[in-house]
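Asker: Everything below, folded, please.
(3 chains, ligands or ions: 5)
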Amino acid sequence: MKKDLKQKIGVYICECGGNISDYVDVEKVAKAVENEPGVYLVQTTMFTCSDSAQIEIIEGIKENNLDSMVVASCSPKLHLLTFRDVAKRAGLNQYNYVHANIREQCSWAHSDRTEEATDKAVRLVRAAIAKVRLSESLETIEIEAKNVAAIVGAGVSGLRSAIDLADQGTQVYLIERDHFVGGRTAQWGKLFPTNEDGKELVERLYKQIKERENITVFTGADIQSLDGSVGDFKLGVKISPRHITGACDEETSDQLYKVCPQETDDEFNFGLTKRKAIYKNYKNAYPENPVVDMDLCDKCGECLKVTNSNINLEQEAENITLNVGAILLNTGFDPYEPKDGEFGYKTIDNVITLPQFRRLLDMSNGSLEYNGKSIRDIAYIYCVGSRQPDGENKHCSRYCCTSAIQSALNVKSKYSDVRNFHINRGIRTYGKQETCYVDSTKQGDVYLQFFEKSFPTLEKIGDKTIITLNDALTDNETMEVSADLVVLVTGMVPRKEDTVAGILKVPIGSDKFYNEIHTKLRPVETVIDGIFIAGACQSPKNIRATMASTLSATAKANSLISTGKIELEPIIATIDTNLCEWCGKCDELCSYNAFEKVEIDGKMVAQVNKAICKGCGACAPICEVNAINIIGSSDEEVEVMIDAFVKDVQFIEDHKAKEAEKTVGKTDDTEKLKKALPEIGKKILQSLESEAKSVPEIAADIQHPADDVLYYLMSLRKYGFVKETGEINDDEYYLYELKQ
Amino acid sequence: MSLPINHIIGLLSDNLKLRKSVLPLSKNSITGWAKGLNIPKNGNTVLYTGHMYQLMPSIAFLGKIIGMLENSALNKTLGLGRFFNKIINVSMFITWPSRKMRNLYDKRLRNIAEMLTRSGVEYGYLYGKEMYTGALIYDMGVDDVFIKHAHRVYQLLKDNGVTSVITVDPHTTEMLRDIYPKFIKDYKLEVKSYLEVLNEVDIKLNNIPDKDVVMHDSCIYARGLDVLNQPVKILEKAGVNILDLNDSKKLTQCCGGPIESLFPAKSVEIAKKRVDQLNKNGCKEIVSMCPICLFNLQHAAENTEIQVKDISEYF
Amino acid sequence: MSKLNPDFILEFSTDEEFNPNACINCGTCSGLCPIGLDALPRKLSRYIVLGLEDKILEEKESYFQCLLCKLCVENCPTQVNISSNVRTARNYINRKIYKI
Ligand SMILES: Cc1cc2nc3c(=O)[nH]c(=O)nc-3n(C[C@H](O)[C@H](O)[C@H](O)COP(=O)(O)OP(=O)(O)OC[C@H]3O[C@@H](n4cnc5c(N)ncnc54)[C@H](O)[C@@H]3O)c2cc1C
Ligand code: SF4
Ligand code: SF4
Ligand code: SF4
Ligand code: SF4
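Answerer: Ligands and ions are numbered 1, 2, ... in the order given. Alright, predicted model coming up:
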């Protein structure tokens, strides 16, 4: 044995105010472990996590000069850090403390078998003691971190994040793939729920960006490569040029749009309009200068003739490397594009998507027209591309009910004779957005509802499209709605052209959006240290939710890199370079890419990047020469734990003997218990006297709700009054009978 | 075969239009109850009966006749009836309910009036000038006829200098308090139910019931006019024990009366259900506070040991 | 098969209180209504909202069966003025069908 064993171990067993001690006999546990090798002191406490108990433990450790400690209490998820802190305050190294979980794993899991729960607790505590004996003092790994962040995507999420990080003193690179910032928000015109204008929102944010010197904005910028790890990433970015080298005022821009002969569908308006090779997304888009789309430009040279155009068609793309401590992904979403023929999309000419309708509405002036025809009756078909029973998008896109209804409000306030028909699958205008729904019913909108088992069908007759559906709100009666325009309320899907995910190795969830570590507890961190996600790239979100996640990612990133150093857990994999022969299996297996191949003394071996390794242990068993050890879970440590765990526990045997002695007393107990039963318990027993019954049958017999019966029946089962017969009745319910 | 709704509504609304009441009765049967009470002929505050107690025996009687028609070929003649009704008052040909029954309803009005007087409330009565409010016609949705009539009633009150009325039934209260203002510009009238008035003064009951009672709240009082606790307090102050009931107060169930004239059979069915509900805890005495409820529940409780009383019978 | 007729409701909306559109189809009213008709009152409002004139004709008597007792109104989660809406419907039927 290579290590110095710990000699003075303190063991603290928690009662958790009855949560543990009602089922686990903590005194017995204390007795059973007091003679374990190395144990100096064993204490039971009512609430180990309470301040007073912590102080007592600290004083005890100091007084008795203990060298390590074991706490047996709740799950380490709850209080591991609490007791590490206790250890530190008592002058111990925090890794000379080992935790045993005797609440979730003993008292709660086995509340019906108290003796066995106690037995299991003894074994767990013994294993913890065996482990702590071998424990070593470890220091946390400290690495340097650049207080510089790269923010990928300059939608409202990225813009806001840049401003906040910059204000906290971080140097920010804002990397936008498009040539203009703002993302999708600028496309929607008036935004729910406040009717603010999307373009104005973007303008406000961009102006704040411009006021801050520690933000650099790159547009036309594409991530090419990533090296390094948290605190010290190296991000390769390719910057496409604008081809306009100096200021280009509005007048000049207008002239350029005029002379340029090359035309294509304008993506910003979802193909409703055309744009030239020289273009801006919209008039006040930022940055101010237009851009030349070289994929479209055939270098005819017309633009060069415009005075003061400052055009340079030969400008080259630039590759740069950014050295940053953290990366925030804010790359947003795409609207769902229906398949050809899906609800008449592209096959019926007055069927458009909600994003198109938002653009149409934003651009319309004086009259509402589509394809040259004026529009009065608008039908909205909901959940297109979301909540698909058969397709792959199972999610609800969350924004669209509200957006469709807000569109109906907007269109009606602009053109009062319009009539709206909402053909939905249940309206989800949650939270404050519900007021949109209420307002829409007040303005006379009509709601019809279909179920996923029968989708509406569309047919064009004359100028009108007739939508036929079974209206669930009118007894599934077949109903025909005639509309001048059909708006498909399309959902949000992940970006189709996603170049970053592959390069950055961000995990993708089953819904294809970027995945966080834990939906509830760690919603903006990814499994890769130093890479955060926020906004609609993570899941469908409206702007409010986008901002909430953005600000939390920003705060997380700031707390990680702002001090210039990062502390990491020392519990990681280590390589015995004497044994390692570099077969590369560990490298293939590691999900985090923590292994590197290095040369040591003329031999190729594996090396673990301390900043990347999570200590998950997946690699250890794969190594054929056993060169990998996980600190804190070495083979030796695991073996002694197993030994300690399987050792006999004496008192159980004693107890069984005693039980056998007093069988008479036992029946007394049952009689007493029986008397103390609540009325319904007695009725259940009575009802079972004649024959075995299922829960519904008992319920019908004694005239009590079935859920009550189930609850009391389970108590009766626990106390040994009834048992299941093992059979089921015709309705497939289990039968219960009296236990003799 | 169901009833020709159109003809019944037509007949009733023609009557209101031509004869100012859905069922024009003789002056004597409208004002007879007040004989000998010496109520002043005018005053700023008047007791406004709205004819509901007086009409009830006749309307109910009509209901019975219609009920007989409901399943007979005779109901076709109602159309003819409506035609003639425009020329002569067809109601005159209907055999009226017994004098005895009318006396009972009159007695309730007398009780209310006497109780008000005994408790020191001052009020007048418009006698023959008083008009039905048109409640039934409003409920049937004949708005144009109703609106004209409402103006007539309001004009009458204004002409007689009335600024405040005490009503005796929920329907009249609702009309004068909540419905008229919707149709009449600058409408100003203080409207209180006698239950609200009596609740504010000291009163003494002469006929305190000797057993526990259960309350049948009027739908309109309870849900529309917030007359909820006043009747309870009036009885409780006199020491009457009122049994609790789930389907009461704001969740009270209708007596079925409002559809008496169009769907008599259904109306009785609902009334029977309500009596059963009221009798749930075995209580044998039901207190009502609306002549329609009173009649309908009594009708449903016929041939049982359950008694239905108007609250005024305790006065 | 029924055809939606959005113009129909315009003939009804004389009354400010007339708000069948606010109905969320929860069914509370139909469950409580002492009349116990399948159509009363939820479906009757629905027919008006959708402008299903045939259905309204079919059910015209049901509109007159309502007691105007407001039990439904008291319990409606979205404050639909059900009984007042029924009255508005009666007015329509009187005018258009019964010619009163
Ligand atoms: C029709 C419609 C109407 C809506 N209306 C409203 C509304 O009224 N109110 C509301 O609150 N919400 C609304 N939303 C939701 C709103 O659009 C989103 O919440 C918001 O756009 C999310 O912001 P974001 O910054 O996360 O993503 P985005 O707006 O999508 O921005 C992402 C940015 O990242 C850039 N990018 C993407 N990939 C890369 C890459 N690889 N490298 C660099 N940059 C990249 C994109 O070019 C873009 O600029 C609506 C959504 C739709 C579809
Ligand atoms: S060179 Fe290109 S950008 Fe310039 S005008 Fe020709 S097509 Fe347009
Ligand atoms: S928000 Fe509404 S329209 Fe969008 S997917 Fe969810 S339920 Fe469907
Ligand atoms: S209770 Fe109200 S919301 Fe519910 S179905 Fe009836 S009217 Fe509609
Ligand atoms: S008001 Fe009419 S619809 Fe409503 S519960 Fe009463 S009878 Fe039924």
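
Asker: What strand or helix carries the residue of the stretch 151-300 of chain B at minimum distance from chain C?
Answerer: Here the stretch 151-300 of chain B gets closest to chain C at one residue, B:C254, 3.6 Å apart by C-beta to the nearest C-beta. In this view, the C-beta of every residue, glycine as well, is placed from N, C-alpha and C. Secondary structure from DSSP states H and E places B:C254 outside every helix and strand.

Asker: Next up, the contacts around it.
Answerer: Applying C-beta atoms under 8 Å, 6 or more residues apart in numbering or on different chains, we find B:C254 in contact with B:219, B:270, B:274, C:34, C:67, C:69, C:71.

Asker: again with A:E27
Answerer: A:T44.

Asker: now do A:P494
Answerer: Neighbours of A:P494 in contact, by C-beta under 8 Å, 6+ apart: A:333-334, A:508, A:511-514, A:537.

Asker: Just the pLDDT for it.
Answerer: pLDDT for A:P494: 96.

Asker: how much space between it and ligand 3?
Answerer: Noted for A:P494: a distance of 15 Å to ligand 3, by C-beta to the nearest ligand atom, to the nearest Å.

Asker: Then A:N284?
Answerer: 30 Å.

Asker: State the pLDDT value of the closest residue to the residue of the stretch 151-300 of chain B closest to chain C other than its chain neighbours.
Answerer: With C-beta to C-beta, 6 or more residues apart in numbering or on different chains as the criterion, B:C254 has its nearest non-adjacent residue at 3.6 Å, and that residue is C:C69. Looking at C:C69, its pLDDT stands at 95.

Asker: wait, isn't C:C69 in contact with B:G256?
Answerer: No - using C-beta atoms under 8 Å, C:C69 is not in contact with B:G256; the gap is 9.1 Å.

Asker: which neighbours do the two share?
Answerer: Both C:C69 and B:G256 are in contact with C:P34, where contact means C-beta under 8 Å, 6+ apart.

Asker: so what's A:D445 up against?
Answerer: Counting by C-beta under 8 Å, 6+ apart, A:D445 has contacts A:405, A:408, A:412, A:419-422, C:21.

Asker: sorry, back to before: just the buried ones out of the contacts of A:P494, please.
Answerer: A:333-334, A:511, A:513-514, A:537 (16 or more other C-beta atoms under 10 Å in any protein chain shown).

Asker: And these, which is closest to ligand 5?
Answerer: A:D511 (44.9 Å; C-beta to the nearest ligand atom).

Asker: Which residue would be the closest one in the stretch 101-250 of chain B to ligand 4?
Answerer: With C-beta to the nearest ligand atom, the shortest gap between the stretch 101-250 of chain B and ligand 4 falls at B:R223, namely 14.2 Å.

Asker: cool, and chain A?
Answerer: Proximity to ligand 4, evaluated over chain A using C-beta to the nearest ligand atom, is greatest for A:L473 at 9.2 Å.

Asker: I'd say that residue and C:N25 touch.
Answerer: Yes - applying C-beta under 8 Å, one finds A:L473 in contact with C:N25, separated by 4.6 Å.

Asker: list residues touching both of the two?
Answerer: Looking at what touches both A:L473 and C:N25 (by C-beta under 8 Å, 6+ apart), the common residues are A:449, C:46.

Asker: Distance check, the closest residue to C:I48 other than its chain neighbours against C:T78.
Answerer: Excluding its sequence neighbours, the residue lying closest to C:I48 (C-beta to C-beta, 6+ apart) is C:P20, at 5.3 Å. Applying C-beta to C-beta, to the nearest Å, the value for C:P20 to C:T78 is 11 Å.
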